[in-house]
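Peer 1: Could you work out the structure for the sequence below:
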Amino acid sequence: MIETKQKERLRRLSECLKRSGRIHLKEAARILEVSEMTIRRDLSADTEGPIPMSLLGGYIVSVTQPAVLATQDQQADVFTPDQTEEIYIPNLAASMVTEDDVIFFDNGIEMATLISLIPDEINFTGICYSHNVFLALSQKKNATALLCGGEYRAKSDSFYSPTLPSLLDSINPKKAFISAAGVHSSYGVTCYNIDDLPMKKKAMEKSIRKILLSQYNLFDEVATANMGELSQFDVIITNRQLSDEYESYCRNSFVKVIF
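Peer 2: This next block holds a predicted model:
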């Protein structure tokens, strides 16, 4: 069944709320790339079933379900504050995945979590070079997993060949989720593993939309290998509002910031 635009927006909002509990209307509008009024209309629209969310005091919140006895499976969905923080960025990123997307997933500790948070009913193609990311993709029943081949690099648990053709030579992913170890307005976006650098740069070159995943505390950090300037990205997903300096940099470089 093909999702309408409205159903897709409501589904993506619902996925965000499953993990974060609430989301500000302004942030939701940024994530979905629509106006706040559009979201207000979505939440008040007549639908086939009840909408499990509501707008309260500027925040979109989950509608409380009737209390039931907790089972072992339900207990598994209760997260500690530390666990909620860990999935905050992957959850926002997962909400950006839509039907029939072709996506490059970088080699990063948050990528497997991101993939696990993508709703199972969404059909998408995932391209990766990380063994761990490939295993995560293989668990999604409606995902097509493409692993870039080459020499196995145990240090990064990934595959890469500097001489053989790559899948990315003939595919233009719609989105690329890129990890970083440092973000700096002067020294660019950096990582520690030099082996990963060619694949990161290739993905950035070929992908239509480049999305950087970075914790707030990594801004102003500088790692060894430079993958490009911050201005080369279309979107930054982070876990806190950026400093005035970076907000201004992103605004002037037309980089959307989601937090």
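
Peer 1: When you work out contacts or count neighbours from here on, use the C-alpha atoms and nothing else.
Peer 2: Noted.

Peer 1: Is residue 156 in a helix, a strand, or coil?
Peer 2: The three-state label given to residue 156 by DSSP: H, G, I helix; E, B strand; the rest coil is coil.

Peer 1: Could you do residue 202 as well?
Peer 2: Three-state assignment for residue 202 (three-state DSSP): helix.

Peer 1: Run a quick neighbour tally on it.
Peer 2: 14 (other Cα atoms under 10 Å).

Peer 1: Same check on residue 214?
Peer 2: For residue 214, using other Cα under 10 Å, the count is 21.

Peer 1: Chain neighbours aside, what residue packs nearest to it?
Peer 2: Leaving aside its sequence neighbours, residue 214 sits nearest to residue 238 (Cα to Cα, 6 or more residues apart in numbering; 5.2 Å).

Peer 1: what does residue 249 give?
Peer 2: residue 185 (7.6 Å).

Peer 1: what does residue 137 give?
Peer 2: Setting aside the residues directly before and after it, residue 137 is nearest to residue 145 in space (Cα to Cα, 6+ apart), at 5.8 Å.

Peer 1: Bridge partners for the one you found, pull those for me.
Peer 2: When assigned by DSSP bridges, residue 145 has beta-bridge partners residue 126.

Peer 1: and the gap between it and residue 223?
Peer 2: Distance from residue 145 to residue 223, counting by Cα to Cα, to the nearest Å: 30 Å.

Peer 1: just for the stretch 51-200 of the chain, where's the confidence low?
Peer 2: Applying pLDDT under 70 to the stretch 51-200 of the chain flags residues 56-57, 63-85.

Peer 1: before we move on, the earlier item: show me what contacts the residue nearest to residue 214?
Peer 2: 89, 213, 214, 215, 216, 257, 258, 259 (Cα atoms under 8 Å, 6 or more residues apart in numbering).
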